[in-house]
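*Asks:* Predicted model and sequence follow; I will ask about them next.
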Amino acid sequence: MSIASTTNHAPPALSVRVDGAPAAGCVPSPPPGLSYRRLTQLARAIVPEWRGTPIYPVLTSEGAPIAFCPIGTWGYCGPHLDVTLHPWLQAGRRWRDRGIAFWLDDVAIIKAAREACGDHDDLHATISRQWVAAVACHEMAHAVVDNFAARLDDVTPAFETFARTVTAGWCLKALPELPASYFGHEAPFIRVLLHLLHRASIYLGYRVPPAMAFRSDAYGLSSIWSYSAAIDDEPARMAGLPFSTITSTPPPAAFAKLWADDMARHEKERHEEQ
Ligand SMILES: [Zn+2]
């Protein structure tokens, strides 16, 4: 399917950093963060439902049009982000068809990792890769839970303009105007996220820590480590299954109880505030 281009947000060129094999006798550190190619491979590897679907990781390091990135966030996604960014993806010769798009401010993440690691270059490379992978898993969890893959209807140029207007308007909102607390990060989201983090750790060959993917304190919830303990070995037991199968089964009882306890606490706090 093709969609008429309507904007001039074209990057000069989308450079794909290929994770090539090191030359003999020389083992250079890989660049910090994760490349578009690696993130695409990761998404296909850990979400079986997406294997025939285009995946579009959108990286600020590649000059993605900042007007469509919410202020102050490290990642976000939406069911029409691919449509919103269609002209930019097409200019970079990446557009294939409707697909799953998620935005990562890898420049900000890599900068934060540098501030945390100081001059330790190897540690910086490791932490920044983990952090980018973790934020990518967070955004992918939204796309899985909200089933973006089932919402890839054909779009018209008029719809593309609408999607861009809505996205740009939303991105201009300051964070305090956005829904607060755990909205959008309920138990099904946390469950899917923990599965994705487990799969990503295996696929990438290094741990993708839950705490890098989920700010429990910002959402007023129990620690992600508590949820990780409560879900127990479910991610390992269901590692090869599609998410539609996983989400059609109840989560472990301890996981469900932890969420119920969090909601009861929120309810109590609401009453006390009134
Ligand atoms: Zn989120």
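*Replies:* Alright, I've got the coordinates.
*Asks:* and stretch 39-56, which residues are buried?
*Replies:* With burial defined by 16 or more other CB atoms under 10 Å, the residues of stretch 39-56 counted as buried are 39-44, 46-47, 50, 53-56. Just so you know, the C-beta spots here come from the backbone N, C-alpha and C atoms, and that holds for glycine as well.
*Asks:* And for stretch 163-174?
*Replies:* For stretch 163-174, burial by neighbour count (16+ other CB under 10 Å) applies to Ala163, Arg164, Thr167, Cys171.
*Asks:* What is the lowest-pLDDT residue among the residues you listed?
*Replies:* Here the lowest pLDDT out of these sits on Cys171, with 72.
*Asks:* That residue and Leu85: what is the separation?
*Replies:* According to CB to CB, to the nearest Å, Cys171 and Leu85 sit 12 Å apart.
*Asks:* Find residues that contact each of those two.
*Replies:* Residues within reach of Cys171 and of Leu85 at once, by CB atoms under 8 Å, 6 or more residues apart in numbering, are Phe68.
*Asks:* related to what we said a few turns ago, out of the buried residues of stretch 39-56, which one sits closest to Phe189?
*Replies:* Proximity of the buried residues of stretch 39-56 to Phe189 (CB to CB) peaks at Val47, which lies at 14.3 Å.
*Asks:* I'd say the closest one and Leu241 touch.
*Replies:* No. Val47 is beyond contact range of Leu241, at 11.2 Å (criterion: CB atoms under 8 Å).
*Asks:* Can you report how many residues lie near the closest residue to Leu152 other than its chain neighbours?
*Replies:* Take Leu152 and drop its neighbours on the chain: the residue closest to it by CB to CB, 6 or more residues apart in numbering is Arg98, 3.9 Å away. Using other CB atoms under 10 Å, Arg98 has 23 neighbouring residues.
*Asks:* Need phi/psi at Arg98.
*Replies:* Arg98 adopts backbone torsions of phi -50, psi 140, taken as degrees, to the nearest 10.
*Asks:* now swap in Arg96 and tell me
*Replies:* Dihedral angles for Arg96 - degrees, to the nearest 10 - are phi -120, psi -50.
*Asks:* before we move on, what about Trp103?
*Replies:* Dihedral pair for Trp103: phi -100, psi 140, per degrees, to the nearest 10.
*Asks:* what about it, distance to Met140?
*Replies:* From Trp103 over to Met140 (counting by CB to CB), the distance is 12 Å.
*Asks:* intersection of neighbour lists for the two?
*Replies:* Shared contacts of Trp103 and Met140, defined by CB under 8 Å, 6+ apart, comprise Cys77.
*Asks:* correct me, but the residue nearest to Leu152 touches Tyr56?
*Replies:* No. If you go by CB under 8 Å, Arg98 and Tyr56 don't touch, sitting 9.9 Å apart.
*Asks:* Mutual contacts of those two, please.
*Replies:* Common neighbours of Arg98 and Tyr56, using CB under 8 Å, 6+ apart, are Asp82.
*Asks:* circling back: pipe the buried residues of stretch 39-56 into TSV and attach distance to Ile190, pLDDT and secondary structure per row.
*Replies:* Shown next, in TSV, are these (distance: CB to CB, whole Å; pLDDT from 0 to 100; DSSP: H, G, I helix; E, B strand; the rest coil):
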residue	distance to Ile190	pLDDT	secondary structure
Leu39	22	97	helix
Thr40	25	96	helix
Gln41	25	96	helix
Leu42	20	97	helix
Ala43	19	97	helix
Arg44	23	95	helix
Ile46	16	97	helix
Val47	17	97	coil
Trp50	20	94	helix
Thr53	24	95	coil
Pro54	27	96	coil
Ile55	23	97	strand
Tyr56	25	97	strand
